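Novice: below are the sequence and a predicted model for it; my questions follow.
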Amino acid sequence: MKEPESPTISDPTEDEDSGATNPEVDPELWKVGVSENLITQESKVFQNVPDLDDICLSNKVLILTKILDESKHAGDKVLVFSHSLDTLDYLENTCIKQKRKYARLDGKTNVNKRQTTTKEFNTNDTELYLISTSAGGLGLNLYGANRVVIFDFRFNPIVEEQAIGRAYRIGQKKP
């Protein structure tokens, strides 16, 4: 009688095909960087996209655009918060393409310019204010706005509540 073969136990950090280390199991490999193969595969995904800045590629941006259009039609002003400066850059470029009147506040904004921009937003026809959640969390009184959009959130209700609180301040005229 033949003895049953013992199952082969493979090392979970070894890639089955190449013997290379598996990055999902070995966090040290993540520190090395992204492989050229992955970069090549990623670039193939986007090679047939004519314009990566096209808002039709993002349902989130399409919805934001509809919110902004309806808000403008109703005479409302909107605060749009994001944690990511890259996202704010993208939204700013979108505003420029759509010829929207906007202001922006992030950690790089000069303190003197913050006060001026905030006063102008509260009193003139600027329709939206792009704000970094980190930079715009405390000390802002944006009573000119009555709508808040948290574009990307990090499941930290305190930060989101602070962002919403920027619009609901003393001096607020619209519901």
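Specialist: Great, that's in hand. Numbers count the residues shown, from 1 in each chain.
Novice: give the contact list for the closest residue to K101 other than its chain neighbours.
Specialist: Closest residue to K101 apart from its sequence neighbours, by Cβ to Cβ, 6 or more residues apart in numbering: T126 at 4.8 Å. Where you see a C-beta, it was placed from the backbone N, CA and C, and this is true even at glycine. T126 sits next to 77, 101-103, 120 when contact means Cβ atoms under 8 Å, 6 or more residues apart in numbering.
Novice: contact partners for S35?
Specialist: Neighbours of S35 in contact, by Cβ under 8 Å, 6+ apart: none.
Novice: filter the contacts of T126 to the buried ones?
Specialist: Buried residues within the contacts of T126, counting neighbours by 16 or more other Cβ atoms under 10 Å: 77, 102-103.
Novice: where does pLDDT dip in this structure?
Specialist: 1-34, 46, 49-53, 55, 136-139, 168-173, 175 (pLDDT under 70).
Novice: what is the longest helix of it by residue count?
Specialist: Within the chain, and with DSSP state H defining each element, the longest helix by residue count is helix 59-74.
Novice: in that helix, what's buried?
Specialist: Residues of helix 59-74 classed as buried by neighbour count (16+ other Cβ under 10 Å): 61, 64-65, 67-68, 71-72.
Novice: could you dump those to CSV with distance to D89?
Specialist: Shown next, in CSV, are the buried residues of helix 59-74 (distance: Cβ to Cβ, whole Å):
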residue, distance to D89
V61, 13
L64, 15
T65, 17
I67, 20
L68, 17
S71, 22
K72, 22
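Novice: next, count neighbours for Q41.
Specialist: When neighbours are counted by other Cβ atoms under 10 Å, Q41 registers 10.
Novice: does it count as helix, strand or coil?
Specialist: For Q41, the assignment made with DSSP: H, G, I helix; E, B strand; the rest coil gives helix.
Novice: how close does it get to Q98?
Specialist: Q41 sits at a distance of 33 Å from Q98 (criterion: Cβ to Cβ, to the nearest Å).
Novice: so which of the contacts of T126 sit within helices?
Specialist: In helices, judged by DSSP H, the following of the contacts of T126 are found: E120.
Novice: hang on, L79 in a strand?
Specialist: Yes - according to three-state DSSP, L79 belongs to a strand.
Novice: hang on, it packs against E127?
Specialist: No - with contact defined as Cβ atoms under 8 Å, L79 does not reach E127; the gap is 10.9 Å.
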